[in-house]
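J.: Structural data only, the sequence is not supplied:
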């Protein structure tokens, strides 16, 4: 009975750690330090700037010109009208667009819509990143528990082998029984190496996603209430899934792009105001003509396109084809959302049933192992039957740990598919949440040509340790040359 209690110690210890990092801590670290999430925030800031770029087309344009010129040759009437020295000239031009055929208006609308799509994409990346973090967190918990179970199995098998050898010395068992115990212990040691390797991979994946190595990890908190049916999950996902929202906004923006392309067929109207100044720097004046002069001009210009070589038609067709592509992507994304919601719900419910079945299996295998050992002590069971019972208990315990991990990850994936796995949904309390509208307000309405942000400094934490970054102490050897046909390889 003591051995059975030891075999379940790994499962019990997971519920009562003395001090441990929590899943909330891991998600807060991911929210602040994950490079994929931080990169997507910068991508949204770039999209915010497209609104200001589009608005610039409706604003006045001011340009100044300064030049120094000297005439090289003059003849005829020009000789008597111009100074022979160099001239300095300057001008100031103001142009105000009055009508652009709807190009600017639709460009601004498309840019704003793409900002909305970018915000939805940021939410989608946030949910996907949190899902990866939850999976990495649960993988470490699972693999650590399985390693403990396998370590305990080796201790149990080592004790069994010692007992079998002792009984062999007094002739109670045969050499075959000893060999079976030795073989099972060796297989358990090989299995321990395998699960240790999987644990190392899980811990490295944890470091990649969350930004630090895992410490002692506490059990995750309960998931929020989930839908009772897959159809209910789909209905929620069709309304809230950020990927679907993003692609729908992209389709709307593509429609504005078609209108923008059609605007190239329409006239444009602008008003202009210009002033020019010319001063002769040297030379001689002719007939008392002043050395300097000014000129101001105001006017309204209209440009009426008559023939552009087929360019507008090609641009319109291109925009229409892109709109069609995005409309098809809307349907494809919708299909993916439905499939992801249904599959996540099915995986969650299946894992819940697997937990119940594996709990029964663990209890039954514990009783079976206890009975097999008792019966072995009176000679009605063989050593191999006891070894098989121990292995079946280990398998059931490992499957129970795996089912608990699968149920939690599938439940969080279902939350993500329904658009409920973002920071504001999870209530993270690691500081103020990122506000995507701050950059928009600062950028989209900017009129200043000279305003800009400071050079970006990476916000994500690096995970390279000092030992990993240390210089190589041994030279890198050149790879061995491939063996030629008919040439013997190096001795083994």
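T.: Okay, I see it. Computed from a prediction, not measured in an experiment: that's the story for all the values here.
J.: how many other residues sit next to residue 194?
T.: 11 (other CB atoms under 10 Å). All C-beta spots, glycine's among them, are computed from the backbone N, C-alpha and C.
J.: check which helix or strand covers it.
T.: Assigned by DSSP states H and E, residue 194 belongs to helix 175-210.
J.: for stretch 332-342, the distance to its chain's centre please.
T.: Computed by CA atoms, centre = their mean, to the nearest Å, the chain-centroid distance of stretch 332-342 equals 19 Å.
J.: Please enumerate residues in contact with that stretch?
T.: By CB atoms under 8 Å, 6 or more residues apart in numbering, the list of residues contacting stretch 332-342 from outside reads 230, 233-234, 236-238, 241, 243-244, 247, 413-414, 417-418.
J.: Can you list the buried residues in that stretch?
T.: The neighbour-count check on stretch 332-342 (16 or more other CB atoms under 10 Å) flags 333, 334, 337, 338, 340, 341, 342 as buried.
J.: hmm, back to that, out of the contacts of stretch 332-342, flag the one nearest to residue 121.
T.: residue 243 (7.7 Å; CB to CB).
J.: Does the closest one touch residue 124 like I think?
T.: Yes. Under the criterion of CB atoms under 8 Å, residue 243 lies in contact with residue 124, with a separation of 4.7 Å.
J.: pretty sure residue 137 contacts residue 24?
T.: No. Using CB under 8 Å, residue 137 is not in contact with residue 24, being 10.4 Å away.
J.: okay, those two: which has more neighbours?
T.: Neighbour count, other CB under 10 Å: between residue 137 and residue 24, residue 137 has more, with 29 against 16.
J.: Name the SS class of that one, please.
T.: Look at residue 137: counting by DSSP: H, G, I helix; E, B strand; the rest coil, its state is helix.
J.: pLDDT weak spots in the stretch 201-350 of the chain?
T.: For the stretch 201-350 of the chain, the stretches with pLDDT under 70 are 282-290.
J.: all strands of it, in order?
T.: Secondary structure of the stretch 201-350 of the chain (DSSP state E, counting those that start in this stretch): strands located at 268-280, 292-303.
J.: Using a markdown table, lay out those strands together with mean neighbour count and distance to residue 29.
T.: Formatted as a markdown table, the strands of the stretch 201-350 of the chain follow (neighbours: other CB atoms under 10 Å; distance: least, CB to CB, whole Å):
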| stretch | mean neighbour count | distance to residue 29 |
| --- | --- | --- |
| strand 268-280 | 16 | 53 |
| strand 292-303 | 10 | 57 |
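J.: Indicate which one of these is closest to residue 375.
T.: strand 268-280 (96.5 Å).
J.: on that earlier part again, what helices and strands are in contact with the helix holding residue 194?
T.: helix 23-33, helix 103-169, helix 383-417 (3 or more CB pairs under 8 Å, 6 or more residues apart in numbering; DSSP states H and E).
J.: Can you pull out the low-pLDDT segments for the stretch 351-492 of the chain?
T.: 430, 474-492.
J.: How are the helices of it distributed by residue range?
T.: Taking DSSP state H, counting those that start in this stretch as the criterion, the stretch 351-492 of the chain carries its helices at 383-417, 423-426, 436-444, 466-469.
J.: Tabulate the ones you listed (JSON lines), appending mean neighbour count.
T.: What follows is the helices of the stretch 351-492 of the chain, written out as JSON lines (neighbours: other CB atoms under 10 Å):
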{"stretch": "helix 383-417", "mean neighbour count": "22"}
{"stretch": "helix 423-426", "mean neighbour count": "17"}
{"stretch": "helix 436-444", "mean neighbour count": "16"}
{"stretch": "helix 466-469", "mean neighbour count": "7"}
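J.: Go through the ones you listed and name the closest to residue 367.
T.: Here helix 383-417 is closest among those (CB to CB), at 9.8 Å.
J.: same for that closest one, what does it pack against?
T.: Going by 3+ CB pairs under 8 Å, 6+ apart, helix 383-417 lies up against helix 2-7, helix 9-13, helix 103-169, helix 175-210, helix 230-240, helix 311-377.
J.: quick one, which of those is nearest to residue 71?
T.: helix 311-377 (39.5 Å).
J.: picking up where we left off before, to residue 310, which of the helices and strands packed on helix 175-210 lies closest?
T.: So among the helices and strands packed on helix 175-210, helix 103-169 is nearest, using CB to CB, at 18.5 Å.
J.: rewinding a little: figure out which of the strands of the stretch 201-350 of the chain is closest to residue 347.
T.: Of the strands of the stretch 201-350 of the chain, nearest to residue 347 by CB to CB is strand 268-280, at 57.3 Å.
J.: so of the helices and strands packed on helix 383-417, which one's packed in deepest?
T.: Stretch with highest mean neighbour count among the helices and strands packed on helix 383-417: helix 103-169 (a mean of 20; mean count of other CB atoms under 10 Å).
J.: And the contacts of stretch 428-436?
T.: 24, 27, 28, 29, 31, 32, 41, 44, 119, 122, 423, 424.
J.: hang on, the earlier thing: kindly reformat the helices and strands packed on helix 383-417 as a markdown table containing distance to residue 251.
T.: Conversion of these to a markdown table gives the following (distance: least, CB to CB, whole Å):
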| stretch | distance to residue 251 |
| --- | --- |
| helix 2-7 | 57 |
| helix 9-13 | 50 |
| helix 103-169 | 9 |
| helix 175-210 | 32 |
| helix 230-240 | 15 |
| helix 311-377 | 5 |
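J.: Relative to residue 72, which of those is closest?
T.: Nearest to residue 72, of these and by CB to CB, is helix 311-377 at 39.4 Å.
J.: Pull the distance from that closest one to the chain's centre.
T.: Worked out by CA atoms, centre = their mean, helix 311-377 lies 19 Å from the chain centre.
J.: Please apply the same query to stretch 442-461.
T.: That offset, for stretch 442-461, works out to 22 Å (CA atoms, centre = their mean).
J.: measure it end to end?
T.: 27 Å (CA to CA, to the nearest Å).
J.: which parts of it are buried?
T.: Per 16+ other CB under 10 Å, stretch 442-461 contains these buried residues: 443, 444.
J.: dump the residue contacts of residue 415.
T.: Applying CB under 8 Å, 6+ apart, the residues near residue 415 are 223, 224, 226, 421, 425.
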